[in-house]
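Student: Here is a sequence with its predicted model. Questions after.
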Amino acid sequence: MKPNVGAIFVLAFSIGAAAFAKDAAPPAAERPWAPPRLDEYERELARRAAREKGDGAHTPIDPHRVYDLPELIDLAQRNHPETRVAWERARQAAAAVGLTESFYFPYLMASAGAGYERAFIPFPTLRVDQRQIVQQIEQGLPAFAANPQAALQKLETQRPKLPNVSIVGGGSLVTDAVTSRAALSVKWLLLDFGERRASVDAAKERLMMANVGFNATHQKVVFEVTEKFYALSNARQKVIVGKSAFHAAQTVEQSANSRLKNGLATKPELLQAQQQSAQTEFELEAAMGDESDAEIALVESLGILPTTRINIADIANKPLPAEPDRSVDALIDLALSQRPDLVARLANVRAKEAEVRKARADFFPKVAIDAHVGRLKLDVSVDDSEYFGDDHTVYGATVVVEVPIFDGFARREKLRLAEAELRAAESELDGARDGAVREVWKACSDFKTALRKQDAAAKLLTAAENAYAAVLDSYEHGLSTYVEVINAQRNATAARSVGIETRAAIFARAAALALSVGDLAKPKPQPAVFRKR
């Protein structure tokens with residue numbers, strides 16, 4: 001017996017597939033695993049990284065330039081991956097609008113083809129019993145001779161008796177056919193009771209959602225950059241405060257050392273002063289580490305590599321933002337009319353309304369036209385004879401009316417689903433409006449509170465610095481204790497930190513208020529580009 005090659009191949013393939021499936025998951029849970037082709041993915045990642053670096057995908061950074069906040073925001077909007085993703089989504093939504101609008105136009109298609117076909121038709125060999133035919137002729141001859149016309153009429157009205165026919169063999173009639181065809185077809189939906197209009201409206205609303213989502217992404221990026229920028233400024237100022245505290249601790253240590261030499265202090269006081277100097281030095285190093293982390297966070301928010309070196313401007317002398325000139329109610333009304341997330345929610349509601357109209361249109365008939373025109377050529381050969389045939393123009397047109405009768409209640413359920421999604425979208429819009437009101441109210445309250453805290457922080461800093469200077473002078477003259485001078489130093493350092501944090505909080509709260517209202521990176525209005533029907 002010869003081996004079945006096909007069966008062997010199928011068996012080998014099945015065994016290989018089973019082995020691959022077995023190796024497609026980690027064999028054990030207690031250790032890492034290198035899946036098949038992992039090195040291929042790693043090499044591709046390396047090639048992509050090198051290609052992106054070589055192509056200059058990011059806006060170049062000038063190492064000699066000092067970037068202020070507006071310039072950093074511009075860099076982020078150009079380089080951040082989220083803005084590019086949102087842009088591509090908006091372009092996809094715009095393409096979807098064009099796709100739905102194409103349903104209004106006829107579908108025109110040109111086709112051409114050629115083919116060859118060899119076929120056969122069975123032909124039997126028959127044997128006829130001629131005796132019946134002879135008898136009929138003999139019986140009909142006298143009548144035909146007497147009156148031929150009457151005999152013919154009788155044959156026409158009277159069904160003759162067919163002779164016995166039997167099949168004694170057969171053969172085949174072999175045909176060869178060569179055909180070629182070229183045609184132009186058109187299909188056009190003429191009437192659908194608003195289904196296409198609803199599809200276009202829904203696509204346009206999704207485009208609006210994508211567009212305002214693109215703007216919301218920019219606002220998010222701008223806010224993150226702004227927040228990280230002021231966080232870096234706060235970290236820088238804390239480094240300055242740390243240096244000042246370290247310098248003050250060294251001053252106290254020197255005073256304690258002088259007092260010890262003059263017999264006015266004890267050894268423990270000097271040791272405590274040295275400990276305080278070491279503590280402030282440690283806190284300074286921690287503040288410098290926080291500054292480095294804040295700088296890295298800011299660079300990452302720009303959408304560029306954290307290893308990129310960039311010079312960031314300082315805002316130590318930047319004037320504080322003014323209190324908003326509008327009331328809270330006016331800011332809330334403004335937010336409810338322009339926030340991108342609310343616009344997107346409203347567009348979603350309108351898209352769901354269009355989906356409801358589309359679901360209702362499914363209950364009505366559709367009228368379409370289907371037409372074609374072309375040229376057909378056909379040549380046939382029978383039993384290897386010469387080819388014979390012809391070519392002619394072919395055409396036709398059909399008006400199609402589709403009336404839905406019963407579909408297992410699918411249309412009814414689709415309508416219910418669309419109506420439920422519409423109600424959910426309306427509830428989401430109401431919830432988003434309530435959330436926007438709360439956010440604006442809180443952001444406005446936080447900003448005003450930060451402004452009021454600035455005055456108190458300034459007074460606290462003045463009082464703490466004056467107290468520290470007075471206690472230090474008194475300590476140097478032997479009139480105050482070491483505990484009093486250390487407490488005064490700590491209070492002065494804490495007051496400086498409070499002032500810096502309050503100042504940074506004012507800028508951050510102002511940005512949060514602008515974001516909550518929808519004024520952060522607000523675009524200019526653009527004219528409508530949709531075509532009216």
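Tutor: Sure thing, it's come through.

Student: Might you report the residue contacts of L190?
Tutor: V367, A368, I369 (Cβ atoms under 8 Å, 6 or more residues apart in numbering). From N, CA and C alone the C-beta is placed, and that goes for glycine too.

Student: which of these tops the neighbour count?
Tutor: In terms of neighbour count, A368 stands highest of these at 17 neighbours, by other Cβ atoms under 10 Å.

Student: any idea which element the spatially most central residue of the chain lies in?
Tutor: By Cα atoms, centre = their mean, the chain has its centre lying nearest to R89, at 5.0 Å. Element membership for R89, per DSSP states H and E: helix 81-101.

Student: what separates the residue nearest to S244 when sequence neighbours are not counted from T502, distance-wise?
Tutor: The spatial neighbour of S244 that comes closest, neighbours along the chain excluded (Cβ to Cβ, 6 or more residues apart in numbering), is R496 at 6.7 Å. From R496 across to T502, the span is 11 Å (Cβ to Cβ, to the nearest Å).

Student: D407 too?
Tutor: Counting by Cβ to Cβ, the gap from D407 to T502 is 67 Å.

Student: Then Q77?
Tutor: Applying Cβ to Cβ to Q77 and T502 gives a distance of 30 Å.

Student: the more surrounded of the two?
Tutor: Using other Cβ under 10 Å as the criterion, Q77 and T502 rank with T502 on top: 21 against 18.

Student: Per-residue confidence, that one, what does it come out as?
Tutor: Looking at T502, its pLDDT reads 90.

Student: Would you agree it falls within a strand?
Tutor: No: counting by DSSP: H, G, I helix; E, B strand; the rest coil, one finds T502 to be helix, located in no strand.

Student: out of everything not next to it in sequence, what's closest to it?
Tutor: A457 (4.4 Å).

Student: That neighbour touches G499, doesn't it?
Tutor: Yes: counting by Cβ atoms under 8 Å, A457 touches G499, with 4.4 Å between them.

Student: Next, count neighbours for I315.
Tutor: Neighbourhood size, I315 [other Cβ under 10 Å]: 19.

Student: List the contacts of the closest residue to it other than its chain neighbours.
Tutor: Excluding the flanking residues, the one nearest I315 by Cβ to Cβ, 6+ apart is S233, at 4.8 Å. Applying Cβ under 8 Å, 6+ apart, we find S233 in contact with D314, I315, A316, A504, F507.

Student: residues in contact with the third one?
Tutor: Residues counted as contacts of A316 (Cβ under 8 Å, 6+ apart) are S233, Q237.

Student: hmm, back to that, now what about the helix holding R89, what contacts it?
Tutor: Against helix 81-101 from outside (Cβ under 8 Å, 6+ apart): 76-77, 196, 199-200, 202-204, 206-207, 209-211, 213-214, 217-218, 220-221, 303, 530-531.

Student: where's the residue nearest to I315, which helix or strand?
Tutor: Counting by DSSP H and E, S233 is found in helix 195-261.

Student: quick check: angle from that helix to helix 81-101?
Tutor: 170 degrees (axes from the mean of the first three to the mean of the last three Cα atoms, to 10 degrees).

Student: Any of the contacts of helix 81-101 buried? List them.
Tutor: 76-77, 196, 199-200, 202-204, 206-207, 209-211, 213-214, 217-218, 220-221, 303 (16 or more other Cβ atoms under 10 Å).

Student: Give me the buried positions along stretch 474-487.
Tutor: Buried, per 16+ other Cβ under 10 Å, within stretch 474-487: Y475, E476, S480, Y482, V485, I486.

Student: Actually, stretch 326-338.
Tutor: Buried residues in stretch 326-338 (16+ other Cβ under 10 Å): L331, I332, A335, L336.

Student: Can you tell me which of the residues you listed end up in helices?
Tutor: The helices, defined by DSSP state H, take in L331, I332, A335, L336 from the buried residues of stretch 326-338.

Student: so which of the residues you listed would you say is closest to I310?
Tutor: A335 (33.5 Å; Cβ to Cβ).

Student: surely the closest one meets G518?
Tutor: Yes: A335 is within contact range of G518, at 5.6 Å (criterion: Cβ under 8 Å).

Student: circling back to that earlier point, got the angle for the strand or helix carrying the residue nearest to S244 vs helix 195-261?
Tutor: Taking DSSP H and E as the criterion, R496 maps to helix 482-517. Counting by the same axes, to 10 degrees, helix 482-517 lies at 170 degrees to helix 195-261.

Student: so what does helix 482-517 touch, helix or strand wise?
Tutor: Contact analysis of helix 482-517 by 3 or more Cβ pairs under 8 Å, 6 or more residues apart in numbering; DSSP states H and E lists helix 195-261, helix 267-301, helix 328-338, helix 410-476 as its packing neighbours.

Student: Just say which of those helices is most tucked in.
Tutor: Highest mean neighbour count of these: helix 195-261, a mean of 21 (counted as mean count of other Cβ atoms under 10 Å).

Student: Can you point out the buried residues in the longest strand seen in the chain?
Tutor: The single longest strand within the chain, with elements called by DSSP state E, is strand 165-191. When neighbours are counted by 16+ other Cβ under 10 Å, the buried residues of strand 165-191 are found to be D176, A177, T179, R181, A183, L189.

Student: Appreciated, that's everything.
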